[in-house]
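Student: After the sequence you'll find the predicted model.
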Amino acid sequence: MDAAKPFRIGTRKSTMALAQTEEIARRLRARVPGILIEIVKFETTGDTDQTSKLLKHGGKGGAFVAQIRDAVRAGALEAAMHSLKDMPGNEDTPGLVIGATLSRDPPGDVLVLRPGLSLDGFLRARGKGFKIGTNAVRRAAYARRLFPGVEVIHFRGAADTRVRKLDSGERQRLPDGGEVGPADALIMARSGLERVGLASRASYEFPASDMLPAVGQGIVAVECAAHDFETRRILAAVDDADARACADAEREVLWVLNGHCNSPIAGFATIDGAALSLTASVLDETGGLFIEASREGPADRPRELGRAVALDLLAKGAADLIERSRPR
């Protein structure tokens with residue numbers, strides 16, 4: 001690559017997205033001598049519309065990914081930063097590839113409580129009488145499963161924005177002009193809180209046995225044009241093999257299940273030496289119906305493992321749960 005030409009990485013304007021992109025830049029500078037990096041900021045549809053459910057914009061892919069992908073395809077960027085969990089896994093991305101996956105950040109979900117609320121009191125009540133804010137259908141389904149008495153409310157915003165709204169008692173506007181809230185608690189990704197400097201606000205971390213992470217949660221992906229082999233060579237310098245294997249296994253589950261943006265699907269893979277373990281689940285929106293499957297396989301064949309786990313889920317009735325949650 002021409003040393004005088006900047007290596008342009010597109011990203012959202014949010015605090016967390018910029019922190020993730022700065023981390024990519026830091027690693028590239030450390031491993032690619034002389035590279036000149038330019039971070040290009042985008043205000044995506046999901047950032048400008050803080051009211052609607054993401055389904056209106058085609059899910060997270062349409063809300064947070066599509067505009068930056070278009071810029072890569074047009075040649076305006078060499079690469080694009082995405083949180084892997086925001087990238088649709090059930091559809092082709094013509095002309096694009098994931099050039100690198102960074103080493104995985106903590107993948108779990110945490111409970112964030114409003115100031116003055118006791119964790120013991122919340123857990124003893126099993127959420128009864130409390131409002132939990134989230135926009136993720138997976139987190140909402142698990143919340144209803146774990147805390148049968150809780151009220152789950154639609155809650156939007158970047159990680160730091162959501163915490164600010166929680167602390168100030170701000171109500172969430174709805175697409176129909178109404179409002180809900182304020183929230184008593186939020187369920188958020190631990191990695192997201194850490195990226196915006198709010199890790200201390202995590203009151204409780206859900207074990208994976210209670211709440212499986214979203215597919216790809218905690219993994220930063222760098223996407224580029226499939227034909228741009230020079231960019232692919234550069235990005236390979238920061239690719240983490242373990243994170244890529246886990247991502248491939250988890251995303252294969254989405255591909256086989258053909259899960260849509262309104263499907264409460266979770267998947268989490270871990271590596272131990274040459275062995276890869278994967279657990280995935282499908283829930284209905286109420287959390288009342290729950291299907292889970294686990295397998296272990298060779299770490300160098302992640303997609304085969306993901307396919308096997310997905311087929312196990314289908315054999316247990318996952319297709320019916322997914323179809324029930326499909327937008328009408």
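Tutor: Perfect, I can see it now. Numbers count the residues shown, from 1 in each chain.
Student: what comes up buried for stretch 283-296?
Tutor: Using 16 or more other CB atoms under 10 Å as the test for burial, stretch 283-296 gives Leu283, Asp284, Glu285, Gly287, Leu289, Ile291, Glu292, Ala293, Arg295. For the C-beta atoms, the positions are set from N, CA and C on the backbone; glycine is no exception.
Student: Restricted to strands, list those residues.
Tutor: Leu283, Ile291, Glu292, Ala293, Arg295 (DSSP state E).
Student: Just give the nearest non-adjacent residue to the fourth one, would you?
Tutor: Closest residue to Ala293 in three dimensions, ignoring its sequence neighbours and counting by CB to CB, 6 or more residues apart in numbering: Asp312, at 3.7 Å.
Student: Worst mean pLDDT across the helices and strands of this protein, which element?
Tutor: Each helix and strand of the chain was given a mean pLDDT (mean pLDDT, DSSP states H and E); the minimum falls on helix 59-60 at a mean of 46.
Student: Beyond that one, next helix or strand please.
Tutor: helix 66-73 (DSSP states H and E).
Student: So Gly127: helix, strand or coil?
Tutor: State at Gly127, reduced to three classes by DSSP: H, G, I helix; E, B strand; the rest coil: coil.
Student: where's it relative to Ala183, distance?
Tutor: For Gly127, the distance to Ala183 equals 12 Å [CB to CB, to the nearest Å].
Student: Neighbour count for the two, which is higher?
Tutor: For Gly127 versus Ala183, the count of surrounding residues by other CB atoms under 10 Å is larger for Ala183: 26 against 22.
Student: Quick check: that one touching Ile153?
Tutor: Yes: using CB atoms under 8 Å, Ala183 is in contact with Ile153, at 6.2 Å.
Student: which neighbours do the two share?
Tutor: By CB atoms under 8 Å, 6 or more residues apart in numbering, Ala183 and Ile153 have these common neighbours: Lys131, Ile132, Gly133, Gln172.
Student: Save those as TSV, and put in distance to Glu250, neighbour count and pLDDT too.
Tutor: Listed next are those as TSV, based on distance: CB to CB, whole Å; neighbours: other CB atoms under 10 Å; pLDDT from 0 to 100:
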residue	distance to Glu250	neighbour count	pLDDT
Lys131	30	19	96
Ile132	25	25	96
Gly133	26	29	96
Gln172	30	22	89
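Student: quick check, nearest of these to Gly34?
Tutor: Gly133 (45.8 Å; CB to CB).
Student: Now for that closest one: which residues touch it?
Tutor: Neighbours of Gly133 in contact, by CB under 8 Å, 6+ apart: Val152, Ile153, His154, Phe155, Arg162, Leu166, Gln172, Gly181, Ala183, Ala185, Leu186, Ile187.
Student: give me the number of residues near the residue lying closest to the second one once chain neighbours are set aside?
Tutor: Read it as Ile153. Excluding its sequence neighbours, the residue lying closest to Ile153 (CB to CB, 6+ apart) is Val180, at 4.3 Å. Val180: 16 surrounding residues under other CB under 10 Å.
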